[in-house]
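Undergrad: Requesting a structural model of the entry that follows:
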Amino acid sequence: MRAEAFHLFVVVMQLATAAGILLFWHSAGRRNFDEPWRPPGFAEHERAFRVPDTVTASVLFLSALLVLAGRPLGRGLALVAAGMLLFLGIIDLVYLRRTGLFARERDGVAHAAIVTGVLAVAALLLVRYLPG
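TA: Numbering: from 1, shown residues only. Next comes the predicted model:
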(Lines give C-alpha, C1' and ligand atoms only; values in the text may rest on other atoms or scores of the structure.)
Protein backbone atom coordinates (compact mmCIF):
# COMPACT_ATOMS: atom_id res chain seq x y z
CA MET A 1 0.00 0.00 0.00
CA ARG A 2 1.44 3.37 -0.97
CA ALA A 3 2.32 5.78 1.82
CA GLU A 4 -0.48 8.24 1.08
CA ALA A 5 -3.11 5.50 0.84
CA PHE A 6 -1.86 3.93 4.08
CA HIS A 7 -1.97 7.33 5.78
CA LEU A 8 -5.60 7.81 4.73
CA PHE A 9 -6.47 4.23 5.70
CA VAL A 10 -5.13 4.80 9.23
CA VAL A 11 -7.12 8.02 9.63
CA VAL A 12 -10.28 6.29 8.42
CA MET A 13 -9.66 3.45 10.88
CA GLN A 14 -9.25 5.96 13.71
CA LEU A 15 -12.56 7.62 12.84
CA ALA A 16 -14.34 4.28 12.37
CA THR A 17 -13.04 3.00 15.69
CA ALA A 18 -14.10 6.17 17.50
CA ALA A 19 -17.56 5.91 15.93
CA GLY A 20 -17.78 2.20 16.74
CA ILE A 21 -16.96 2.79 20.39
CA LEU A 22 -19.56 5.53 20.70
CA LEU A 23 -22.20 3.45 18.88
CA PHE A 24 -21.46 0.48 21.12
CA TRP A 25 -22.11 2.54 24.23
CA HIS A 26 -25.20 4.11 22.72
CA SER A 27 -26.71 0.65 22.22
CA ALA A 28 -25.19 -0.98 25.32
CA GLY A 29 -26.68 1.70 27.53
CA ARG A 30 -30.07 0.15 26.86
CA ARG A 31 -29.01 -3.39 27.81
CA ASN A 32 -29.22 -4.96 31.25
CA PHE A 33 -26.51 -7.59 30.66
CA ASP A 34 -28.63 -9.88 32.83
CA GLU A 35 -28.25 -13.13 30.95
CA PRO A 36 -27.91 -15.97 33.49
CA TRP A 37 -24.57 -17.14 32.08
CA ARG A 38 -22.85 -13.81 32.70
CA PRO A 39 -20.55 -13.70 35.74
CA PRO A 40 -21.70 -11.82 38.85
CA GLY A 41 -20.92 -8.13 38.57
CA PHE A 42 -20.59 -8.22 34.79
CA ALA A 43 -22.91 -5.26 34.20
CA GLU A 44 -20.98 -3.04 36.61
CA HIS A 45 -17.65 -4.21 35.19
CA GLU A 46 -18.81 -3.42 31.67
CA ARG A 47 -20.31 -0.04 32.55
CA ALA A 48 -17.06 1.02 34.21
CA PHE A 49 -15.61 1.21 30.69
CA ARG A 50 -18.09 3.82 29.43
CA VAL A 51 -16.00 6.85 30.49
CA PRO A 52 -12.54 5.54 29.50
CA ASP A 53 -13.92 4.29 26.18
CA THR A 54 -15.53 7.68 25.52
CA VAL A 55 -12.25 9.45 26.30
CA THR A 56 -10.43 7.03 23.99
CA ALA A 57 -12.92 7.68 21.20
CA SER A 58 -12.50 11.43 21.69
CA VAL A 59 -8.71 11.17 21.50
CA LEU A 60 -8.96 9.02 18.36
CA PHE A 61 -11.31 11.52 16.73
CA LEU A 62 -9.26 14.59 17.66
CA SER A 63 -6.04 12.91 16.57
CA ALA A 64 -7.51 11.99 13.17
CA LEU A 65 -8.69 15.57 12.60
CA LEU A 66 -5.31 17.00 13.58
CA VAL A 67 -3.46 14.51 11.37
CA LEU A 68 -5.68 15.47 8.43
CA ALA A 69 -4.91 19.13 9.13
CA GLY A 70 -1.18 18.35 9.10
CA ARG A 71 -0.71 19.24 12.77
CA PRO A 72 2.12 17.33 14.54
CA LEU A 73 0.04 17.03 17.73
CA GLY A 74 -2.20 14.59 15.84
CA ARG A 75 0.60 12.03 15.63
CA GLY A 76 1.33 12.31 19.34
CA LEU A 77 -2.33 11.96 20.24
CA ALA A 78 -2.55 8.91 17.97
CA LEU A 79 0.16 7.28 20.08
CA VAL A 80 -1.73 8.20 23.25
CA ALA A 81 -4.85 6.61 21.74
CA ALA A 82 -2.83 3.51 20.84
CA GLY A 83 -1.75 3.16 24.46
CA MET A 84 -5.31 3.63 25.65
CA LEU A 85 -6.57 0.99 23.21
CA LEU A 86 -3.85 -1.45 24.26
CA PHE A 87 -4.71 -1.00 27.92
CA LEU A 88 -8.46 -1.38 27.38
CA GLY A 89 -7.99 -4.32 25.01
CA ILE A 90 -5.70 -6.18 27.40
CA ILE A 91 -8.11 -5.66 30.32
CA ASP A 92 -10.95 -7.07 28.20
CA LEU A 93 -8.80 -9.95 26.96
CA VAL A 94 -7.83 -11.03 30.47
CA TYR A 95 -11.30 -10.55 31.98
CA LEU A 96 -13.14 -12.32 29.18
CA ARG A 97 -10.69 -15.23 29.24
CA ARG A 98 -10.82 -15.63 33.02
CA THR A 99 -14.62 -15.57 33.09
CA GLY A 100 -15.16 -17.93 30.14
CA LEU A 101 -16.81 -15.26 28.00
CA PHE A 102 -14.91 -16.27 24.87
CA ALA A 103 -17.10 -19.40 24.70
CA ARG A 104 -19.29 -19.39 21.60
CA GLU A 105 -22.47 -19.78 23.66
CA ARG A 106 -21.51 -16.72 25.75
CA ASP A 107 -21.16 -14.21 22.90
CA GLY A 108 -17.57 -15.38 22.48
CA VAL A 109 -17.38 -14.53 18.78
CA ALA A 110 -18.51 -10.95 19.40
CA HIS A 111 -16.18 -10.60 22.38
CA ALA A 112 -13.24 -11.94 20.38
CA ALA A 113 -14.02 -9.60 17.48
CA ILE A 114 -14.11 -6.56 19.76
CA VAL A 115 -10.85 -7.42 21.52
CA THR A 116 -9.10 -8.29 18.24
CA GLY A 117 -10.32 -5.08 16.61
CA VAL A 118 -9.23 -2.88 19.51
CA LEU A 119 -5.76 -4.45 19.65
CA ALA A 120 -5.41 -4.35 15.85
CA VAL A 121 -6.19 -0.63 15.69
CA ALA A 122 -3.70 -0.02 18.51
CA ALA A 123 -1.03 -1.90 16.55
CA LEU A 124 -1.93 -0.03 13.37
CA LEU A 125 -1.48 3.32 15.12
CA LEU A 126 1.86 2.24 16.56
CA VAL A 127 3.11 1.08 13.16
CA ARG A 128 1.99 4.31 11.51
CA TYR A 129 3.01 6.90 14.10
CA LEU A 130 6.01 5.58 16.04
CA PRO A 131 9.13 7.33 14.78
CA GLY A 132 11.70 5.39 12.86
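Undergrad: Surely residue 121 is in contact with residue 17?
TA: Yes - counting by CB atoms under 8 Å, residue 17 is a contact partner of residue 121 at 4.9 Å. Every C-beta, even on glycine, is put in place using the N, C-alpha and C of the backbone.
Undergrad: what sits in contact with each of these two?
TA: Listed as contacting both residue 121 and residue 17 by CB atoms under 8 Å, 6 or more residues apart in numbering are residue 85.
Undergrad: Pretty sure residue 112 sits against residue 104.
TA: No - between residue 112 and residue 104 there is no contact under CB under 8 Å: 9.5 Å.
Undergrad: the more surrounded of these two?
TA: Taking residue 112 and residue 104 together and counting by other CB atoms under 10 Å, residue 112 has the greater number of neighbours (15 against 8).
Undergrad: confidence score at that one?
TA: Looking at residue 112, its pLDDT is 96.
Undergrad: Likewise for residue 38?
TA: On pLDDT, residue 38 comes in at 88.
Undergrad: and it, what does it touch?
TA: Residue 38 touches 101, 106, counting by CB under 8 Å, 6+ apart.
Undergrad: Buried residues of stretch 68-86, list them for me.
TA: 74-75, 77-82, 84-86 (16 or more other CB atoms under 10 Å).
Undergrad: do stretch 85-96 as well
TA: Using 16+ other CB under 10 Å as the test for burial, stretch 85-96 gives 85-86, 88-89, 92-93, 95-96.
Undergrad: from these, which single one is nearest residue 66?
TA: Ranked by distance to residue 66 (CB to CB), the buried residues of stretch 85-96 are led by residue 85 at 17.3 Å.
Undergrad: Just the element for residue 101, please.
TA: Under DSSP states H and E, no helix or strand contains residue 101.
Undergrad: For residue 78, see how far away residue 66 is.
TA: Look at residue 66 and residue 78: by CB to CB, to the nearest Å, they are 9 Å apart.
Undergrad: what's the answer for residue 8, then?
TA: Here the criterion is CB to CB. By it, residue 8 lies 14 Å from residue 78.
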